[in-house]
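Visitor: I would like to see how this sequence folds:
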Amino acid sequence: MMIELYGLKNCDKCRAASKWLAANGIKHRQLDVRESPLSENTLRLWKNELGWETMVNKRSTTWKGLNESEQDSLNEDKAIALLLAHPTLLKRPVLVTDNGIYNGFTEASYNNIFTKA
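Guide: Modelled structure (predicted):
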């Protein structure tokens, strides 16, 4: 099973998720979305599983820095365009496994994901 963890190197949740995976003996590849930009196809695939509303972190500094016209009337296409232009808007981490795509991190959620696997 190939496991990929998408996020930012300096994100506390991403580091915690990576540490949890390592502590549980789960090999994974960690990707920084700034260094490895996501494609539109990838974002649309994730959107199908997560929903575009879940993918945009409206509590992020990046979101707060957008002007009102960029934030107003957010829809699927606008969300994808914003995520392509501003990868740090992605709610992270995003965990991609053979069994699904998951957003965010808690020990409980990862325990649940990997007990199902």
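Visitor: Going by C-alpha atoms from here, please, whenever you check contacts or count neighbours.
Guide: Fine.
Visitor: mind checking how far residue 87 is from residue 105?
Guide: The gap separating residue 87 from residue 105 is 18 Å, by C-alpha to C-alpha, to the nearest Å.
Visitor: per-residue confidence at the residue sitting nearest the centre point of the chain?
Guide: Taking C-alpha atoms, centre = their mean, the centroid of the chain lies closest to residue 94, which sits 3.1 Å from it. For residue 94, the pLDDT comes out at 98.
Visitor: Distance-wise, check it relative to residue 62.
Guide: 18 Å.
Visitor: repeat for residue 21
Guide: Using C-alpha to C-alpha, one obtains 27 Å as the distance from residue 21 to residue 62.
Visitor: the more surrounded of these two?
Guide: Between residue 21 and residue 62, counted using other C-alpha atoms under 10 Å, the more crowded position is residue 21 (19 against 14).
Visitor: Could you check which helix or strand contains the more buried one?
Guide: helix 12-23 (DSSP states H and E).
Visitor: List the buried residues for that helix?
Guide: Neighbour-count burial for helix 12-23, counted by 16 or more other C-alpha atoms under 10 Å, picks out 13, 14, 15, 17, 18, 20, 21.
Visitor: of residue 87 and residue 105, who's got more company?
Guide: residue 87 (22 against 19).
Visitor: for this structure, which spans come out with low pLDDT?
Guide: Residue ranges of the chain with pLDDT under 70: 1, 116-117.
Visitor: Cheers, nothing more for now.
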